[in-house]
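**Q** Here is the input, now give the coordinates:
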Amino acid sequence: MTREEVDKQDFQVLIEKYLDGKTTLEELKLLVNYYESYQQDYTWCAALGSEESTRNRMLINILEELQNNVGDANKVIPFYKNKIVKYAVAASLIAFLSVTFLFKNNNGNKVNDNEVVQTNGTTIAVGTDKAILTLEDGSQVALEKGKSFQKETTVSNGEVITYKKGELKAEEIKYNYLTIPRGGQFSITLSDGTKVWLNSDSELKYPVQFIKGQPRKVELLYGEAYFDVSPSASHNGDKFIVLNASQEVEVIGTEFNVKAYKDETNIYTTLVEGKVTISMDDKKRNLVPGEQLFLNKKNSTILIKKVDVYNETAWKEGVFSFEDKSLKDMMVVLSRWYDVEVIIENKSIENEQFVGILRKNQKIEEILTSIKNFGIIKNFEIYDKKVVLK
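**A** Next up is the predicted model:
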């Protein structure tokens, strides 16, 4: 590995620590030095994209921390609490880091440059905005990026579907379904102003309009969704409730993520802001921001723990952020986004642990090549919507 490659790896490690709020004063100084060095690197600078204001804000923030924390070189500098700034900084950094993988327990295998990746002419498409909308009469509409749709109180620009505000009587309530296929994503603004982001292989059932004086109920039939709920105070105190087969999440007004895939045993509910109460059979649990409730559907085991909220919700910002995830778990996520089947031939590498960030708009070949270059896999093959790791 060249000196330049070592420096860039160190730079990536510092960025990870910065986003996690774990850098010391001395490390921040080093981060600024790296940043300035790579500004002179045409390739890296061009890859930074056009968001110069975001990059400059990031640098200014770091410099302000250096100025305000003089004297204690080992003092840990926390990251900015504003999650919007964190997303913006992360997106800016990811834009030029491309794929950042920090594998643990790397066996140090060298890549054989003579090995050729076999694709058999198969092209794996990157996931995109698409969904199937099932209307109250049972008819279905394909929603796709670049195509618009409009019907009475419903309108879509191909990336988000929005329902206009209105009130119904109990006997008039009508439900729509939004189904996100593998390889898709979509977002929806419900008639009460609540925003929902849906990940690949997910389905949401919801009323076209809510009934005044009754709880605002939606059902995540399966998959993953991020909710930014319109507060109850704006709706005469009407609660917002998210149902799924194994639990009920009662909301006053908050942001949270629910991951409940059909092919996974566990359900994960992560609270970003506000307060939620989760009911499971005869049990109830409250969450505070930064906590995640783990529910095992088979044996009803419940566990609440602190998590890095960014890692759990970055998917809705166009980013996959992994922390101490196994290669096997990562491939489950990628298989949904790229709509492929992943086969790991060498079972001994399934549990390789790593920290990594990648952009969702990358080709899967780029990601797999990066993993290969780290020596985790010897090679990979793509054919008939299957990815084989060797």
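**Q** Look up how far T153 lies from L295.
**A** 35 Å (CB to CB, to the nearest Å). C-beta coordinates here come from the backbone N, C-alpha and C atoms, glycine included.
**Q** before we move on, what about S230?
**A** Distance, S230 to T153, using CB to CB: 16 Å.
**Q** Report how many residues lie close to S300.
**A** By other CB atoms under 10 Å, 11 other residues sit near S300.
**Q** For the stretch 151-300 of the chain, which segments count as strands?
**A** 154-156, 160-163, 175-180, 184-189, 195-198, 202-207, 216-228, 240-243, 248-251, 255-260, 266-273, 276-280, 283-287, 291-296 (DSSP state E, counting those that start in this stretch).
**Q** so where is the stretch 251-390 of the chain shaky, pLDDT-wise?
**A** Applying pLDDT under 70 to the stretch 251-390 of the chain flags residues 354-356.
**Q** Outline the domain layout of this structure.
**A** 3-97, 128-307, 319-389 (automatic domain parsing).
**Q** So which of L295 and T153 has more stuff around it?
**A** The neighbour count for L295 versus T153, taken as other CB under 10 Å, is higher for L295 (23 against 13).
**Q** give me the beta-bridge partners of that one?
**A** I267, I302 (DSSP bridges).
**Q** Please tell me how far it sits from Y268.
**A** 8 Å.
**Q** which residues are in contact with stretch 141-148?
**A** With contacts defined as CB atoms under 8 Å, 6 or more residues apart in numbering, stretch 141-148 is touched by 128-133, 135, 149, 155-159, 161, 186.
**Q** farthest-separated two in those?
**A** T128 and L135 (22.6 Å; CB to CB).
**Q** Surely V332 forms part of a helix?
**A** Yes: assignment of V332 by DSSP: H, G, I helix; E, B strand; the rest coil places it within a helix.
**Q** okay, now it: neighbour count?
**A** 14.
**Q** and the gap between it and L221?
**A** V332 sits 19 Å away from L221, going by CB to CB.
**Q** Same check on W337?
**A** From W337 to L221 the distance is 20 Å (CB to CB).
**Q** ok, those two, which is more surrounded?
**A** Per other CB under 10 Å, whichever of W337 and L221 has more neighbours is W337, with 21 against 16.
**Q** and the helix or strand harbouring that one with strand 216-228, angle?
**A** Taking DSSP states H and E as the definition, one finds W337 inside helix 327-338. Relative orientation of helix 327-338 versus strand 216-228 (axes from the mean of the first three to the mean of the last three CA atoms, to 10 degrees): 110 degrees.
**Q** one step back: looking at the strands of the stretch 151-300 of the chain, spot the one closest to V388.
**A** With CB to CB as the criterion, V388 lies closest to strand 184-189 of the strands of the stretch 151-300 of the chain, at 23.8 Å.
**Q** Could you tell me the angle between that closest one and strand 175-180?
**A** 150 degrees.
**Q** so strand 184-189 versus strand 202-207, what angle?
**A** Strand 184-189 and strand 202-207 meet at an angle of 20 degrees, taking the same axes, to 10 degrees as the criterion.
**Q** If you count contacts, what does strand 184-189 end up packed against?
**A** strand 128-134, strand 160-163, strand 175-180, strand 195-198 (3 or more CB pairs under 8 Å, 6 or more residues apart in numbering; DSSP states H and E).
**Q** Show me the contact partners of it.
**A** Outside strand 184-189, the residues that touch it by CB under 8 Å, 6+ apart are 127-131, 143, 159-163, 178, 180, 195-200, 204, 206, 316.
**Q** gap between T313 and V319?
**A** Using CB to CB, T313 is found at 10 Å from V319.
**Q** between the two, which one's more packed in?
**A** Higher neighbour count among T313 and V319: T313, with 22 against 19, using other CB under 10 Å.
**Q** is the spatially closest residue to L178 that is not a sequence neighbour in a bridge, and if so with what?
**A** Leaving aside its chain neighbours, L178 sits nearest to L204 (5.0 Å; criterion: CB to CB, 6 or more residues apart in numbering). For L204, the beta-bridge partners are L178, L220 (DSSP bridges).
**Q** Could you report the neighbour count for L204?
**A** Residues near L204, counting by other CB under 10 Å: 24.
**Q** cool, G183 as well?
**A** Number of residues near G183 (other CB under 10 Å) recorded here: 20.
**Q** Was I right to think it contacts D339?
**A** Yes: applying CB atoms under 8 Å, one finds G183 in contact with D339, separated by 3.4 Å.
**Q** Which residues are in contact with each of the two?
**A** By CB under 8 Å, 6+ apart, the residues touching both G183 and D339 are A125, G127, S200.
**Q** How much space separates the second one from N199?
**A** For G127, the distance to N199 under the criterion CB to CB works out to 9 Å.
**Q** Could you do S148 as well?
**A** For S148, the distance to N199 - CB to CB - is 23 Å.
**Q** Looking at the two, which is more packed in?
**A** Applying other CB under 10 Å to S148 and N199 shows that N199 carries more neighbours, namely 22 against 10.
**Q** Let me see the contact set for that one.
**A** Applying CB under 8 Å, 6+ apart, the residues contacting N199 are I180, Q185, G223, E224, A225, W315, K316, R336.
**Q** so how far is S246 from the closest residue to the third one other than its chain neighbours?
**A** The shortest distance from G223 to any residue that is not its chain neighbour, by CB to CB, 6+ apart, is 2.3 Å, and that residue is S202. With distances taken as CB to CB, S202 is found 16 Å from S246.
**Q** In terms of neighbours, single out the busier of those two.
**A** Comparing S202 with S246 by other CB under 10 Å, the one with more neighbours is S202, at 29 against 14.
**Q** list the contacts for that one?
**A** S202 sits in contact with T179, I180, L220, Y222, G223, E224, A225, where contact means CB under 8 Å, 6+ apart.
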